[in-house]
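Asker: return a 3D structure for these sequence lines:
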Amino acid sequence: MHNEYAFLLRSINMKFKPAILATAVASFVAFSATAADFPEMEIALAHSAAASHAHNDAAMLFKKEVEEATGGKVKVEVYPASELGDQPALIDQCVTGGDVDMVIASQSNLATYLPKMNALSAPFLFKDYDQAHKVIDDYIMPWLYDDMAENMNVLPLSMFDYGFRHVTTQDIVVTKADDLKGVKIRVPGSAGLLATFDALGANTQTIAYSELYQSLKQGVVDAEENPVATILADSYYECQNQLALTGHFFDMQALIINKDVYDEMTPELQEVVKKAAIDAQNLTRTMIPGQEAEIIAKLKENGMSVNDVDKQSFIDKMGPAYEKIAELCGQEELDNLIKAIK
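Answerer: Predicted structure coming up:
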């Protein structure tokens with residue numbers, strides 16, 4: 001008799017009826033058989049967020065759940081903070097079947113492969129987190145699934161909150177749209193964000209994220225925009241003393257997996273991966289909105305002045321931005337997204 005079974009028998013009080021003993025042994029055998037069904041494999045999950053960011057916490061939760069559910073047979077290696085390359089390079093590796101199996105990827109970088117995703121970069125789409133989450137679950141995820149599989153050879157497993165983006169500046173107080181006219185601001189290579197700040201008359205600069213801190217420190221640009229969690233995690237308060245709560249854009253990032261890697265998994269492992277991905281997503285939905293007030297307080301403690309803005313003054317200038325975005329994603333795609341939101 002195997003040592004495991006001998007241990008099981010010794011652990012059960014023998015006064016139990018034989019039927020109870022038989023059921024216990026059968027349950028143990030069934031568990032052992034299930035654990036044995038999982039293949040031994042390693043999954044590389046990479047992202048660009050700092051190790052202190054909620055996205056890394058979510059990635060580590062994904063790792064923990066997959067490894068525990070498979071009895072350690074499936075190992076997940078997490079590479080934060082662009083350890084394996086910047087986000088475009090990580091996505092390329094995931095798409096082509098390189099060294100990265102999974103990536104937490106921004107909608108702007110994914111739009112390079114799937115132009116309709118530019119619709120998600122339209123400014124002021126969502127009024128709050130609850131509305132954004134409902135639209136993501138009911139419309140955006142099904143909307144992406146087949147096209148990502150066909151055009152990118154990846155599958156979206158879940159959508160992480162990144163947060164509402166706000167503007168930071170050095171010595172420039174922003175309370176209304178006109179305050180950004182002519183301001184040199186770093187904007188990611190997102191067509192929607194570029195169109196947004198062009199519509200405001202800002203002097204937009206597309207600097208690589210890895211170079212942003214130094215660019216701010218050296219005065220190459222006077223401003224940037226990010227969610228407050230990123231502003232704190234990457235210490236932008238050290239070179240930016242003003243935070244304007246513009247909330248101009250709700251940012252989300254997809255947890256994607258190479259389709260070939262996923263298709264090679266057993267159905268049981270696919271279920272484990274899908275559940276862990278949703279749990280990781282839900283952690284970001286707790287952490288990102290739930291910590292905003294605390295994070296803003298910490299930014300104030302670190303010397304930032306925080307200003308509310310006249311949001312309508314921004315919205316009134318967004319016509320040209322929406323026209324540009326419609327050209328990129330297709331008017332029908334943008335109209336359908338807006339309809340889903342309403």
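Asker: in this structure, what spans have low per-residue confidence?
Answerer: 1-36 (pLDDT under 70).
Asker: the same query, at a cut-off of 50, please.
Answerer: Residues of the chain that meet the criterion pLDDT under 50 lie in 1-33.
Asker: can you pull up the most central residue in it?
Answerer: For the chain, the residue nearest the mean C-alpha position is residue 253 (3.0 Å; CA atoms, centre = their mean).
Asker: specify the local secondary structure of that one.
Answerer: strand (DSSP: H, G, I helix; E, B strand; the rest coil).
Asker: and for residue 245?
Answerer: Classified using three-state DSSP, residue 245 is strand.
Asker: so which bits of the helix or strand containing residue 196 are buried?
Answerer: Using DSSP states H and E, residue 196 sits in helix 191-199. Within helix 191-199, the residues that qualify as buried are 191-197, 199, counting by 16 or more other CB atoms under 10 Å. (Each C-beta comes from the backbone N, C-alpha and C, glycine too.)
Asker: which one of those sits closest to residue 179?
Answerer: Checking the buried residues of helix 191-199 against residue 179 by CB to CB gives residue 197 as the nearest, at 12.4 Å.
Asker: nearest residue to that closest one in space, please, no chain neighbours.
Answerer: residue 204 (4.9 Å; CB to CB, 6 or more residues apart in numbering).
Asker: how about the one you found, what does it touch?
Answerer: Residues near residue 204 by CB atoms under 8 Å, 6 or more residues apart in numbering: 185-187, 194, 197-198.
Asker: go with 10 Å
Answerer: 183-187, 193-198, 221, 223 (CB atoms under 10 Å, 6 or more residues apart in numbering).
Asker: okay, these in a markdown table with distance to residue 241 next?
Answerer: A markdown table is the format used below for the contacts of residue 204 (distance: CB to CB, whole Å):
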| residue | distance to residue 241 |
| --- | --- |
| 183 | 14 |
| 184 | 16 |
| 185 | 15 |
| 186 | 16 |
| 187 | 20 |
| 193 | 22 |
| 194 | 25 |
| 195 | 27 |
| 196 | 23 |
| 197 | 20 |
| 198 | 25 |
| 221 | 14 |
| 223 | 11 |
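Asker: so residue 243 touches residue 298, yeah?
Answerer: No: between residue 243 and residue 298 there is no contact under CB atoms under 10 Å: 11.4 Å.
Asker: residue 157 should be in a helix, yeah?
Answerer: No: counting by three-state DSSP, one finds residue 157 to be strand, located in no helix.
Asker: strands along this structure, start to end?
Answerer: 41-46, 74-79, 102-106, 154-169, 184-186, 203-205, 223-226, 242-258, 305-308 (DSSP state E).
Asker: ok, residue 95 - how many residues close by?
Answerer: 21 (other CB atoms under 10 Å).
Asker: again, but for the one 4 residues further on
Answerer: Summarising burial for residue 99: neighbours were counted as other CB under 10 Å, giving 12.
Asker: and for residue 47?
Answerer: Neighbours of residue 47 under the rule other CB under 10 Å: 28.
Asker: next one: phi and psi at it?
Answerer: Backbone geometry at residue 47, expressed as degrees, to the nearest 10, gives phi -150, psi 170.
Asker: ok, it to residue 118 distance?
Answerer: 22 Å (CB to CB, to the nearest Å).
Asker: sorry, back to before: need the residues touching each of residue 243 and residue 298.
Answerer: 228, 231, 237, 304.
Asker: any chance of the backbone angles for the last one?
Answerer: Yep, that's residue 304 we're talking about. Dihedral angles (degrees, to the nearest 10) for residue 304: phi -80, psi 140.
Asker: contact partners for it?
Answerer: So residue 304 contacts 168, 228, 231-232, 236-237, 240-243, 296, 298 (CB under 10 Å, 6+ apart).
Asker: can you name the two of the residues you listed that are farthest apart?
Answerer: The most widely separated members of the contacts of residue 304, counting by CB to CB, are 242 and 298 (15.7 Å).
Asker: I figured the residue nearest to the centre of the chain hits residue 48, correct?
Answerer: Yes: using CB under 10 Å, residue 253 makes contact with residue 48 at a distance of 9.1 Å.
Asker: what residues are shared contacts of these two?
Answerer: By CB under 10 Å, 6+ apart, the residues touching both residue 253 and residue 48 are 55, 87, 103-106, 109.
Asker: possible to save those residues as JSON lines with distance to residue 248 and neighbour count?
Answerer: Output for these, formatted as JSON lines (distance: CB to CB, whole Å; neighbours: other CB atoms under 10 Å):
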{"residue": "55", "distance to residue 248": "21", "neighbour count": "27"}
{"residue": "87", "distance to residue 248": "21", "neighbour count": "22"}
{"residue": "103", "distance to residue 248": "25", "neighbour count": "30"}
{"residue": "104", "distance to residue 248": "22", "neighbour count": "29"}
{"residue": "105", "distance to residue 248": "21", "neighbour count": "26"}
{"residue": "106", "distance to residue 248": "16", "neighbour count": "26"}
{"residue": "109", "distance to residue 248": "19", "neighbour count": "23"}
